[in-house]
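A.B. asks: here you go, sequence then predicted model.
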Amino acid sequence: MLRYLLKRLWHTVYVLIGISVISFIFIHLSGDPVMLMLPGDASIQEIEELRQQLGFNDPLYKQYIRFAAHAIQGDFGNSLYYKIPVMKLIVERLPASLELALTSMIIALVFAIPIGVISAVKRGSLLDMGSMFAALFGLSMPHFWLGIMLILLFSVKLGWLPTSGRGTFAHLIMPSLALGLSLMAMFARLTRSVLLEILSLDYIRTARAKGLKEQIVISKHALKNALIPIVTVAGMQFGFLLGGTVIIETVFAWPGVGRLVVQAIFNRDYPLVQAIVLVLAVIFVAVNFFVDLLYLYLDPQIRYFEEQ
Amino acid sequence: MTIIIDEIAPRLRLLNETLREVARRPSALVGGAMLIIIVLTSLSFPAVYNVNPLSQDLMARFTPPAWQEGGTVAHLLGTDNLGRDILARLLHGSRISLLVGFAAVALAALAGIILGLISGYYGGRIDNIIMRIADIFMAYPFMLLTISIIAVLGTSLFNLILVLGLSDWVTYARTIRGSVLSLKEKEFVEASRAIGTPHRTIITRHILPNVISPLLILGTLRVANIIIWESGLSFLGMGVPPPMATWGRMLADGRIYITDAWWLVTFPGIAIMITILSINLLGDGLRDALDPRLRNI
Amino acid sequence: MKKLSFVCIFAAVALAIAIPGPVAARDAGTLVVVQEAEPVGLDLMRSSIQTTMNVAYNIHDTLFHPQEDASVTPAIAESWEQVDDLTWKIKIRKGATFHNGEPINADAVKYSFDRVFNPDIQCPHKGKLSGFKEVKVIDPYTVTISTDAPFAPGLYMLAYYLPIVPPGYIKKVGDAEYNATPIGSGPYRLIKWVRGEEVIMERYDKYYGPKPAYKRLVFKAIPEESSRIAALLTGESDVISGIPVHQRKKIEDSRKAYLTPQMGVMPYLGINTYEAPFDDVRVRQAVNYSINRELINKALFGGKAIICNGPTSPRTFGANPALKPYPFDPKKSRELLKAAGHPNGIKVRLAYGTYMSQIQEQSEAIASDLAKGGIEVTLEPFERAVMWERYKGKKHQLFIYWWDDAPEPHRYIYSLFHSKSRDYYYKNTKIDELLDKGAATMDRGKRALVYNEIDKILYDDCPWAYLYVIPEVFGVANGVSYQGKRDGFLDMRYASPKK
């Protein structure tokens, strides 16, 4: 077990270093923010002074070393745009992102798993075809289009839900629905196909042959194993949800990190981009570690420390 | 001569069986047929509907579709915010959107195949390096990666394909590597190696043909994702530059007129949905027919 | 069943996170303003972004209040006199205080002025105030402000760009903290800033001027256009900014809100006059002859835009009334191109930023017009940073940019055309001289003539293709009375409930 943990730790370290280098290179290659920090009538001299003051005239590797030296001590610097510590900005936005990602994920799973199970059990029925077709439909809509449609329907036409912003549970409904729908579709399809495969396996046949009730066969034997791939994909998707929701966050004015980081890229806010990318990567790695632990729980046959 | 026939005949038989297997699934048939129609339409429409998608008529902006009050037959699906014919833009856009989808997937698949094959077949140090890089790309949020690269390269059709393709190679490489690892242990590969067949021959003769089906399935399903993602990038102002029409751009540009002129977004929206639906149906059918074990993709 | 209980706990935790306390109910004393973006900071001295300054102006106050005709009225300054061409003597209102009770006096004014030029602050307004030399404290409530040369728009510049800030408080908390929790001298004091969500302010009861009608003021941000307009129509917000022309009729038709004019956005087609083919004035004129401004105005702006004849907006002080806009004449354009040695027309690039609403459709329309006049254009959409990066590298050929049409010409004509300012691809020593003269001419009538001349020279020399001014509007809920101002700032002290 210890060996496994050490391996995970090493994995985390090189992933973080790799990511910080890649994002550092890209964001710096895409130009510096000095022109954006000054108004349109600043003179060339003012621009040069600020560039010198911020150290953008140094070679790239020197700038990276400077960044890394501070980052190791937990100092990610101040945002060039907001002019406050970047970690403060991220910590303020992260709860909103987690809230949205978690809710979408829960909505998706709560609906998708039953739909998938029913479709698998009643394979080939009208119900199966109908729900799988609906799922495909859910996968075929661009997020922002769905989001705007929801606002027009539920806020402007019906007046049931607030258009945007964060605060009450009502604010959370539309954005998490807009995000959750495609996830739901994906998980429903996944559940169905995984379960179909498991139901054709020998041990299920044995269980059935023993005369166990079909319900028990499915819930106790089949679904338990089906959860492993579902959990894997959920783990991957959760990381994606945290950073990949900029479109939904824009449409619904949701104060999450997705919008923060994309704006930071547009503003060439180097320290902020670096820090967010790293935080997201840490969360991604952590969630996947958690998923690995879940495997152990779901399938005691997996023993990581016996690997190799 | 006989050698060639010996080589080809079983493959032909396999192909035949596969096709028959696919044809037995109605969803795959429907999806495939729809996709063929879409592709044929996008290739052949100028013969039937040769309207310039770029010609503007500012005074005729927001003409509704022909069946609505104020619509004209000259613009069957109406005009957009600059008075351009929506049907013409939709048809021309289909070429770009499909091109982006398929070309990006082809690029990603190519990179994925090469790296996955090397990684899986040779193993050892090189495998380790490739997989570590894959881990890094995996943990790098896909969207941020594409946006950052486009910020450096600038927007153009070519760059968009390049970026979407290169950002997406990991999934392919991992899938291929997995297949190769299991194939490597198979008897026919070991036998071949034992009689001294060169690596390259083993890879191209024995391994590659056997990883084609997971690749095909994965690729089909990814095309749909890429097309959706292209519209997302257009939303952020980083899609294919105008005046070129793509479905994603039409959708993203039209969204600010959503309450005044529904046809600006509805038709490209439907086009995207139908295309993706058909691709997914086909992909599902292929998966069921070829390899029911591949469910995670 | 263990798994199920696990899932339940998971769900419960998530819901607990998801449901915060009840929202504060909207009451009649609260005004909610929604903009396109949230402020980047609240220190008025540290940002030049409109959406940020809009929020900060409610917290801060300046020496004077700017008026629509580019004159000023008393604010923190109670009265003033011009001692000579280079010096103003200013009396400060007695008894006015900052929100923490700190007195507003001559020391505070001097401290504020010096802070603008403190390099650590990186004050973006520094350039606009660079005509000033120093502030001297005469007595606790009197200062003199002096300039190096006569500076006609001086008081007007101070009215916008010199917020008076509390020396004691800033020295205590530091500049970074001040940007997050400022103590100003304005009509509203900051209660709370929930980043990403809202800025909450409350009326400052000891404000020296007229009390604002609303007790509570909340600024929010909704970036997506259609969502923002939806918020106005559903009554979630009282005032919104950023309404594209085509959405305006819908707001008026809704009968739930009305529109009030504010500043105008003046887009222009910048031309790189340093390099061929645009180093030839005939080619630049050809560009001006190939844009159908009337049609664009009619089609895209419903005829509401104001066509520009020269670089000075017709609404700005000093615009030359004798100039007529360039007509749309593609034939003339081709002739000019031919005369300049381009019988087959030219092929050029046109860059524009993707971050401004409706700029893309204007660019596409303009590109299609230019083609008719023999100028074939490749469109280059760039995000903000790239647009500037390429500008700096002198990589643009044609580019669309914009400026607001402020009442005071010095504010933008100087920035855009003086060779000492940022280099906008055009240099003309005659213009430099006239701009310096315009800033130094104290007599209003004579000053107007100087700017008339500038306008005429630039009209003929075509460093830009002149386009139009698009009047911007705010959307205001029917229950609120608010009149937008030409500077576009959202000074909510002027809003009141409609009787």
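C.D. replies: The structure has been received and is ready for your questions.
A.B. asks: can you name the next helix or strand after the helix or strand bottoming out on mean pLDDT in chain C?
C.D. replies: In chain C, no helix or strand scores lower on mean pLDDT, DSSP states H and E than helix C:2-18, which sits at a mean of 43. The helix or strand immediately downstream of helix C:2-18 is strand C:30-35, counting by DSSP states H and E.
A.B. asks: pull up the pairing partners for that next one, direction included.
C.D. replies: Under the criterion DSSP bridges, strand C:30-35 sits next to strand C:216-221 (parallel), strand C:239-240 (parallel) in its sheet.
A.B. asks: and among those strands, the most buried is which?
C.D. replies: Most buried of the strands paired with strand C:30-35, by mean neighbour count (mean count of other Cβ atoms under 10 Å in any protein chain shown): strand C:239-240, with a mean of 25. In this view, the C-beta of every residue, glycine as well, is placed from N, C-alpha and C.
A.B. asks: just checking, next helix/strand downstream of that strand?
C.D. replies: helix C:245-254.
A.B. asks: show me how far that following helix is from its chain's centre.
C.D. replies: 23 Å (Cα atoms, centre = their mean, to the nearest Å).
A.B. asks: keeping just the C-alphas, turn it into PDB.
C.D. replies: C-alpha atoms of helix C:245-254 as PDB (Å, rounded to 0.1, in the frame of the first residue of the first chain):
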ATOM      1  CA  VAL C 245     -29.300  48.300 -30.900                       C
ATOM      2  CA  HIS C 246     -31.400  45.500 -32.100                       C
ATOM      3  CA  GLN C 247     -32.600  44.600 -28.600                       C
ATOM      4  CA  ARG C 248     -33.800  48.100 -27.800                       C
ATOM      5  CA  LYS C 249     -37.200  48.000 -29.400                       C
ATOM      6  CA  LYS C 250     -38.000  44.800 -27.500                       C
ATOM      7  CA  ILE C 251     -37.300  46.600 -24.200                       C
ATOM      8  CA  GLU C 252     -39.500  49.500 -25.200                       C
ATOM      9  CA  ASP C 253     -42.200  47.200 -26.400                       C
ATOM     10  CA  SER C 254     -42.200  45.300 -23.100                       C
END
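A.B. asks: who touches that helix?
C.D. replies: B:81, B:256-257, B:259-260, C:225, C:229, C:232-233, C:243, C:257-259, C:300-302, C:304, C:358, C:470, C:473, C:475 (Cβ atoms under 8 Å, 6 or more residues apart in numbering or on different chains).
A.B. asks: turn the buried ones among those residues into a named ChimeraX selection, would you?
C.D. replies: Remark: buried members of the contacts of helix C:245-254, expressed as a ChimeraX selection using 16 or more other Cβ atoms under 10 Å in any protein chain shown:
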select /B:81,256,257,259 /C:225,229,232,233,243,257,258,259,300,301,358,470,473,475
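A.B. asks: next step: the contacts of helix C:245-254 restricted to helices.
C.D. replies: Assignment to helices by DSSP state H places the following of the contacts of helix C:245-254 there: C:225, C:229, C:232, C:233, C:300, C:301.
A.B. asks: number of residues surrounding the residue of the stretch 151-300 of chain A found nearest chain C?
C.D. replies: Closest residue of the stretch 151-300 of chain A to chain C, Cβ to the nearest Cβ: residue A:255 (2.6 Å). Residues near residue A:255, counting by other Cβ atoms under 10 Å in any protein chain shown, number 24.
A.B. asks: any idea how far residue A:78 is from it?
C.D. replies: To residue A:78, residue A:255 is 20 Å away according to Cβ to Cβ, to the nearest Å.
A.B. asks: for the longest helix along chain B, packing partners?
C.D. replies: When chain B is scanned for its longest helix (criterion: DSSP H), the result is helix B:86-122. Under the contact definition 3 or more Cβ pairs under 8 Å, 6 or more residues apart in numbering or on different chains; DSSP states H and E, helix B:86-122 sits against helix B:26-44, helix B:124-139, helix B:157-167, helix B:169-184, helix B:208-235, helix B:247-254, helix B:263-290.
A.B. asks: just those: most buried one?
C.D. replies: Buried most deeply of the helices and strands packed on helix B:86-122, by mean count of other Cβ under 10 Å, is helix B:247-254, with a mean of 26.
A.B. asks: one step back: nearest to residue B:134, out of the strands paired with strand C:30-35?
C.D. replies: strand C:216-221 (38.4 Å; Cβ to Cβ).
A.B. asks: residues in contact with that closest one?
C.D. replies: By Cβ under 8 Å, 6+ apart, strand C:216-221 touches A:165, A:253, C:27, C:29-39, C:51, C:54-55, C:58, C:188, C:197-203, C:237, C:492.
A.B. asks: does residue A:257 really touch residue A:97, like I thought?
C.D. replies: Yes - using Cβ atoms under 8 Å, residue A:257 makes contact with residue A:97 at a distance of 4.7 Å.
A.B. asks: find the residues that touch each one of these two.
C.D. replies: residue A:242.
A.B. asks: more crowded one of the two?
C.D. replies: More crowded of residue A:257 and residue A:97, by other Cβ under 10 Å: residue A:257, with 29 against 24.
A.B. asks: interface residues of chain C facing chain B?
C.D. replies: C:225-226, C:244, C:246-247, C:250, C:295-296, C:298-300, C:354-355, C:357, C:360-361, C:363-365, C:367-368, C:379-383, C:385-386 (Cβ under 8 Å from any Cβ of the partner chain).
A.B. asks: and residue C:406, that's in a strand?
C.D. replies: No - with DSSP: H, G, I helix; E, B strand; the rest coil as the criterion, residue C:406 is assigned coil and is not in a strand.
A.B. asks: how about the longest helix along chain A: buried residues?
C.D. replies: The residue-count maximum for a helix in chain A (DSSP H) belongs to helix A:86-121. Residues of helix A:86-121 classed as buried by neighbour count (16+ other Cβ under 10 Å): A:86-87, A:89-90, A:92-94, A:96-109, A:111-113, A:115-121.
A.B. asks: check whether it comes near chain C.
C.D. replies: Yes - contact of helix A:86-121 with chain C (Cβ under 8 Å from any Cβ) involves A:89, A:92, A:93, A:95, A:96, A:98, A:99, A:102, A:103, A:106, A:110.
A.B. asks: just the helices from the stretch 1-150 of chain C, written as ranges.
C.D. replies: Ranges of helices in the stretch 1-150 of chain C, per DSSP state H, counting those that start in this stretch, are C:2-18, C:50-59, C:106-116.
A.B. asks: give me the number of residues near residue 140?
C.D. replies: Picking chain A for this. 23.
A.B. asks: ah, no, chain C please
C.D. replies: 12.
A.B. asks: quick check: phi and psi on it?
C.D. replies: phi -50, psi -20 (degrees, to the nearest 10).
A.B. asks: same thing with the one 10 residues further on?
C.D. replies: Phi and psi for residue C:150, reported as degrees, to the nearest 10, are phi -50, psi 130.
A.B. asks: can you check residue C:454 too?
C.D. replies: phi -60, psi -50.
A.B. asks: residues contacting it?
C.D. replies: Per Cβ under 8 Å, 6+ apart, neighbours of residue C:454: C:311, C:312, C:318, C:413, C:417, C:431, C:434, C:435, C:438.
A.B. asks: checking the first one next. Helix, strand or coil?
C.D. replies: The three-state assignment at residue C:311 reads coil, by three-state DSSP.
A.B. asks: mind listing what it touches?
C.D. replies: Here residue C:311 is in contact with C:268, C:413, C:416, C:417, C:454, C:455, C:458, C:459, C:463, C:464, C:466 (Cβ under 8 Å, 6+ apart).
A.B. asks: so among those, which ones count as buried?
C.D. replies: C:268, C:413, C:416, C:417, C:454, C:455, C:458, C:459, C:463, C:464, C:466.
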